[in-house]
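Chemist: sequence first, predicted model second:
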Amino acid sequence: MVEGKPRRLSEMVVKRQRDGRRWFDARPSGELIEASLRPGVSVAGLALEHGVNANQLRKWMRQYQMQQG
């Protein structure tokens, strides 16, 4: 990781299914979620920058926040 920025998730695909769905490594997606929760960060912009659908990132954010309590 360079300058505290999460790596592109498109580079962290663990598995790709025939229907196009991708499975990501949990550690980099966690880094992206933490980056998205910082004040003033554009979730859509961050998702676009890392090659992830913004709705998927928001789903991960909700799941993360539910786990945190």
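Modeler: Alright, I've got the coordinates.

Chemist: phi and psi next, for the residue of the chain positioned farthest from its centre.
Modeler: Centroid-distance maximum for the chain: residue 18 at 21.4 Å, with Cα atoms, centre = their mean. Here is the backbone geometry of residue 18 (degrees, to the nearest 10): phi -60, psi -30.

Chemist: how about the strands of this structure, start to end?
Modeler: Using DSSP state E, the strands of the chain run over residues 13-16, 22-24.

Chemist: any chance of those strands in CSV, plus distance to residue 30 and mean neighbour count?
Modeler: (Each C-beta comes from the backbone N, C-alpha and C, glycine too.) CSV is the format used below for these (distance: least, Cβ to Cβ, whole Å; neighbours: other Cβ atoms under 10 Å):
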stretch, distance to residue 30, mean neighbour count
strand 13-16, 14, 10
strand 22-24, 10, 15
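
Chemist: may I see those organised as JSON lines, with mean pLDDT and distance to residue 36 added?
Modeler: Below are those laid out as JSON lines (pLDDT from 0 to 100; distance: least, Cβ to Cβ, whole Å):
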{"stretch": "strand 13-16", "mean pLDDT": "74", "distance to residue 36": "19"}
{"stretch": "strand 22-24", "mean pLDDT": "73", "distance to residue 36": "14"}
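
Chemist: and these: which comes nearest residue 50?
Modeler: Closest to residue 50 of these, according to Cβ to Cβ: strand 22-24, at 10.3 Å.

Chemist: tell me which strands that closest one pairs with, and in which orientation.
Modeler: Paired neighbours of strand 22-24 in the sheet (DSSP bridges): strand 13-16 (antiparallel).

Chemist: tell me how far the partner strand lies from the chain's centre.
Modeler: 14 Å (Cα atoms, centre = their mean, to the nearest Å).
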